[in-house]
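Novice: Fold the following.
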Amino acid sequence: MDILSLLGIIIGFGAIIGGQYLDGGHIDSILNAVALFIVLGGTLGAVMLQTPLSTFLRALKMLSWVFFPPQHSPKELLEKILEWNQVARREGLFKLESLADLEEDPFIQKGLQLISDGGTPEMIREILENDLYIDESKDIQSAKVYEAMGGYSPTIGIIGAVLGLIHVMRNLAEPSSLGSGIAVAFVATIYGVGLANLLFLPIASKLRSTIERRSSYYIMLIEGIIKVADGENPHIIESHLQVYID
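Specialist: From the prediction side, this is the model:
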């Protein structure tokens, strides 16, 4: 689990709520279901309008990466690459097909299968890099869903504030109803700005950094597979790929 994500949410929202309490305010003064409904509903609706269904569903699936990012170990990958290289040099490239069946990662399976099928290093690189580019592009588009939410949320909060003020102006003759309208007006703005800067935009940035680390891992994999296909010396492979570990 990514402990920084959990601590970030606790500290971020805790600072706002704690500051309100320490300043003598009541916690319930910033709790308003109507304002939250306006901000979340409006933001979600705007994002759904602009986003293709496949991208939106992928974004929901990727949300778990904030707390449980994909686990990739460059050190373990280097050990595997060196093992593949030994098998290829000792028994031939076609033997890698049996090792491909032992791997759970479809990307690794495809790379080893391409080697065992006799693909040239140039062809293997082109195919794998194209697959990586497409997957990375899809992931980035999904991360942009949360960037969009961070952009829409403050504006929807302002809309909620205006709606609250309209309610206030229409009920000036009824002082008892003014409080709820004013509460919605100010709390909606807080929700819009707060959710954007404490939740949506940080989630988008976290996903982008996770995507970058994941891509770096697969770039290392592609370089290793190309070296294996070329029959490089294991010491050269280790020296070449060490930079991804460092």
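Novice: contacts, neighbours, all on C-alpha from now
Specialist: OK.
Novice: Work out for me the element Leu163 sits within.
Specialist: According to DSSP states H and E, Leu163 maps onto helix 121-170.
Novice: Repeat that for Ala204.
Specialist: Ala204 is part of helix 201-230 when elements are defined by DSSP H and E.
Novice: Give the other helices and strands that the helix or strand following that helix contacts.
Specialist: The helix or strand immediately downstream of helix 201-230 is helix 234-245, counting by DSSP H and E. Applying 3 or more CA pairs under 8 Å, 6 or more residues apart in numbering; DSSP states H and E, one finds that helix 234-245 contacts helix 74-91, helix 201-230.
Novice: ok, and what's touching helix 234-245?
Specialist: In this structure, residues lying in contact with helix 234-245 by CA atoms under 8 Å, 6 or more residues apart in numbering are Pro74, Lys75, Leu78, Leu82, Asn85, Gln86, Ser216, Tyr217, Met220, Glu223, Gly224, Lys227.
Novice: what's the angle between the helix holding Ala204 and helix 74-91?
Specialist: Taking axes from the mean of the first three to the mean of the last three CA atoms, to 10 degrees, helix 201-230 and helix 74-91 form an angle of 20 degrees between their directions.
Novice: Against which helices or strands is helix 201-230 packed?
Specialist: Applying 3+ CA pairs under 8 Å, 6+ apart, we find helix 201-230 packed against helix 74-91, helix 106-116, helix 121-170, helix 234-245.
Novice: Can I get those helices in TSV including distance to Ala196 and mean neighbour count?
Specialist: TSV is the format used below for those (distance: least, CA to CA, whole Å; neighbours: other CA atoms under 10 Å):
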stretch	distance to Ala196	mean neighbour count
helix 74-91	34	17
helix 106-116	35	20
helix 121-170	4	19
helix 234-245	34	14
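Novice: So which residues make contact with whatever helix or strand Val47 lives in?
Specialist: Per DSSP H and E, Val47 falls inside helix 33-50. With contacts defined as CA under 8 Å, 6+ apart, helix 33-50 is touched by 56, 145, 148-149, 152-153, 156-157, 160, 184-185, 187-188, 191-192.
Novice: Which of the helices and strands in the protein ranks last by mean pLDDT?
Specialist: The weakest-scoring helix or strand in the chain, judged by mean pLDDT, DSSP states H and E, is helix 178-195 (a mean of 79).
Novice: got the domain boundaries for this structure?
Specialist: The chain breaks down into these domains under automatic domain parsing: 1-28, 32-245.
Novice: I'd like the mean pLDDT over the first one, please.
Specialist: The pLDDT scores in domain 1-28 average 82.
Novice: now it, how far from the centre of its chain.
Specialist: Counting by CA atoms, centre = their mean, to the nearest Å, domain 1-28 is centred 23 Å from the centre of its parent chain.
Novice: going forward can the numbers begin at 144, since that is how I track them
Specialist: All set: I'll call the first residue 144, so the last point we hit is now domain 144-171.
Novice: before we move on, back to that, mean pLDDT lowest where, among the domains of the chain?
Specialist: Ranked by mean pLDDT, the domains of the chain end with domain 144-171 at the bottom, a mean of 82.
Novice: related to what we said a few turns ago, tilt between the helix holding Leu306 and helix 344-373?
Specialist: Using the same axes, to 10 degrees: helix 264-313 against helix 344-373 is 170 degrees.
Novice: Packing partners of helix 264-313?
Specialist: Looks like helix 264-313 contacts helix 176-193, helix 196-205, helix 249-259, helix 321-338, helix 344-373 (3+ CA pairs under 8 Å, 6+ apart).
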